[in-house]
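Undergrad: fold the following and give me the result.
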Amino acid sequence: MKALIIGGGGREHALAWKLCRDDPTLELIAAPGNPGIAKLARCVPIGVDKLKDLVNLAEEELVDLTVVGPEGPLEAGIVNLFQTHGLPIFGPTREAARIETSKRFAKDLMVKAGIPTARASQHSDAREAKAALASFGSPVVIKASGLASGKGVIVAQSAAEAERAIDAMLSDRVFGSAGREILIEEFMEGEELSLFAITDGQQALPLLAAQDHKRLLEGDLGPNTGGMGAYAPASVATPELTSRVMSEIVRPTLAAMRDVSSTFKGLLYVGLMITDEGPKVVEFNCRFGDPETQTLMPLMNSSLLELIAAVAGGGSLSRARYPDWKPLCSVTTVVAASGYPDKARTGDAIQLPPPEDGVEIFQAGTATDASTAQLVSAGGRVLGVTAVAPTLVEAAELSRSHAERVSLAGKQLRRDIAWRELNRGARVT
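TA: Model (predicted):
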């Protein structure tokens, strides 16, 4: 089998790692890939926004399967284009991807379908948005409606802070076109959880739930990021809760997407808030999450490749078995560049520590210096250090200590990944 992975981040490295373990004979191509992926696949320097070039590559290479990593090409319609060329591809169409690429579309869909989520209003005028704040109180959440690389969400603790966020998005356009329209949402109290579901548009199979850490600093302080780490399993994700999410959120969402002629096939990411009233949707993503994917892949016993291939080929999951998981714990610590998430410094030399049992380093923002062949930083989130161990205490310590030994000038990392779970004392022994 020959497969193509589109993307070049830590998520794509983890997917490549998993697919190669599912089928050691797999011939893997990545576009554009990164130095870590290059150890598993043949990397071709085609950007994720070069849709026609990617189609040509898939046709020339006679690939059996294409997996799309990032959301950008999904928004641009890469799945639609591949399908018109008869090329099997895993991911939603442009129309279905709106569940992530337009927060307004997703909110309207949820409200109409009765899917539990936060109350919200949509605005494109700053004056009207500020006038609406009074009905929400504080704290309040301000969201850019479009794609903002995981950074277009501000939790404002006061009306003044909310007004500044509104001005930044609608007037100053700090998030560019993603902030042409914003959502004002009520603040939901509870604990966040990420749940992935692989779906053929009708059936859906949940993966193991994980918990992400969005804030830059320990104790969940500082600005929002794309994610500074994750862990799994999370004890709040009981079988009963997962069943409830599937019945009250995932299946109704898929039905609602079918009702608007936007059948969703691929990986549906459900960002949840576990409130006193039950699980509510914070956001949907239309692809594998990052860094949750780096956390989950080393725990997955069963074949991801088989599930992806069935969906990409237009098949059904009706006879597919629920994924099987190792009875272990996984923790990912993200090593970020100096200046992230505002203006990440690039070009700094990276020295990786010696390999260690139970640890995988998934490369994200990395490159190879052309003149020195040295591994260097090339993005905000540089590495994801994932450790798997029998207990969460061991996995957290192993991930943290290995990340500490990464040599990168000005590196940033959180040393408290999985702190909520560790404080609860759940699954730690």
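Undergrad: tell me where the stretch 251-400 of the chain has helices.
TA: Counting by DSSP state H, counting those that start in this stretch, the stretch 251-400 of the chain has helices at residues 251-259, 292-296, 304-312, 392-404.
Undergrad: okay, buried residues for the strand or helix carrying Val111 please.
TA: Using DSSP states H and E, Val111 sits within helix 103-113. Within helix 103-113, the residues scored as buried using 16 or more other Cβ atoms under 10 Å are 103-107, 109-110, 113. Heads up, the C-betas are built off the backbone N, CA and C, glycines and all.
Undergrad: for stretch 30-47, same thing?
TA: Within stretch 30-47, the residues scored as buried using 16+ other Cβ under 10 Å are 30-38, 40-41, 43, 46.
Undergrad: neighbouring contacts of it?
TA: With contacts defined as Cβ atoms under 8 Å, 6 or more residues apart in numbering, stretch 30-47 is touched by 4-9, 12-13, 16-17, 20, 28-29, 48, 53-54, 57, 361-364, 366-368, 375, 378.
Undergrad: ditto for stretch 157-164
TA: 130, 133-134, 138-140, 142, 154, 156, 184.
Undergrad: could you list the buried residues of it?
TA: By neighbour count on 16+ other Cβ under 10 Å, the buried set for stretch 157-164 is 161-163.
Undergrad: domain-wise, how is this structure divided?
TA: For the chain, automatic domain parsing gives the domain ranges 2-93, 125-180, 191-424.
Undergrad: between those domains, which one is closest to Thr117.
TA: domain 191-424 (4.3 Å; Cβ to Cβ).
Undergrad: for the closest one, measure first residue to last.
TA: End-to-end distance for domain 191-424, by Cα to Cα, to the nearest Å: 13 Å.
Undergrad: coming back round to it: including mean pLDDT, could the domains of the chain go into a markdown table?
TA: Shown next, in a markdown table, are these (pLDDT from 0 to 100):
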| stretch | mean pLDDT |
| --- | --- |
| domain 2-93 | 98 |
| domain 125-180 | 89 |
| domain 191-424 | 97 |
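Undergrad: make JSON lines out of these and add distance to Ala118.
TA: Listed next are these as JSON lines, based on distance: least, Cβ to Cβ, whole Å:
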{"stretch": "domain 2-93", "distance to Ala118": "21"}
{"stretch": "domain 125-180", "distance to Ala118": "7"}
{"stretch": "domain 191-424", "distance to Ala118": "7"}
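Undergrad: most centrally placed residue in this protein?
TA: In the chain, the C-alpha nearest the mean C-alpha coordinate belongs to Gly289, at 1.6 Å (Cα atoms, centre = their mean).
Undergrad: quick one on the thing from earlier: which one of the domains of the chain lies closest to Ile99?
TA: Of all the domains of the chain, it is domain 191-424 that lies closest to Ile99, at 4.5 Å by Cβ to Cβ.
Undergrad: what's the first helix or strand after the one helix or strand Arg11 maps to?
TA: Taking DSSP H and E as the criterion, Arg11 maps to helix 10-22. With elements assigned by DSSP H and E, the helix or strand that comes after helix 10-22 is strand 27-32.
Undergrad: helix 10-22 and that following strand, what's the angle between them?
TA: Put simply, strand 27-32 runs at 180 degrees to helix 10-22, going by axes from the mean of the first three to the mean of the last three Cα atoms, to 10 degrees.
Undergrad: which positions within stretch 269-286 qualify as buried?
TA: Within stretch 269-286, the residues that count as buried by 16+ other Cβ under 10 Å are 269-274, 279-286.
Undergrad: for it, measure first residue to last.
TA: Terminal residues of stretch 269-286 are spaced 6 Å apart (Cα to Cα).
Undergrad: so who does the closest residue to Gly229 other than its chain neighbours touch?
TA: Of all residues not flanking Gly229 in the chain, Ile417 sits nearest, at 3.7 Å (Cβ to Cβ, 6 or more residues apart in numbering). Taking Cβ under 8 Å, 6+ apart, we find Ile417 in contact with 213, 228-231, 331-333, 396, 399-400.
Undergrad: try it again at 7 Å.
TA: Neighbouring residues of Ile417 by Cβ atoms under 7 Å, 6 or more residues apart in numbering: 213, 229, 231, 331, 333, 396, 399.
Undergrad: can you give me the strands in the stretch 251-400 of the chain?
TA: 266-275, 278-285, 329-336, 350-351, 359-363, 366-368, 375-377, 381-389 (DSSP state E, counting those that start in this stretch).
Undergrad: what comes into contact with the longest one?
TA: In other words, strand 266-275. For strand 266-275, contacts defined as Cβ under 7 Å, 6+ apart pick out 90-92, 188-199, 236, 245, 249-250, 279-289, 311.
Undergrad: for Ile361, which residues are in contact?
TA: Ile361 touches 352, 383, 385, counting by Cβ under 7 Å, 6+ apart.
Undergrad: Pro355: neighbour count?
TA: 9 (other Cβ atoms under 10 Å).
Undergrad: and if you look at Ala131?
TA: Count around Ala131 with other Cβ under 10 Å applied: 11.
Undergrad: go on, Lys151?
TA: If you count neighbours by other Cβ under 10 Å, Lys151 ends up with 18.
Undergrad: any idea how far it is from Gly227?
TA: From Lys151 over to Gly227 the distance is 11 Å, taken as Cβ to Cβ, to the nearest Å.
Undergrad: Ser302 now?
TA: Noted for Ser302: a distance of 25 Å to Gly227, by Cβ to Cβ.
Undergrad: circling back: just put the contacts of Ile361 in CSV and tack on neighbour count and distance to Gln83.
TA: Formatted as CSV, the contacts of Ile361 follow (neighbours: other Cβ atoms under 10 Å; distance: Cβ to Cβ, whole Å):
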residue, neighbour count, distance to Gln83
Leu352, 17, 39
Leu383, 31, 35
Val385, 30, 37
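Undergrad: of the residues you listed, which is the nearest to Arg321?
TA: Among those, Val385 lies closest to Arg321 (Cβ to Cβ), at 31.0 Å.
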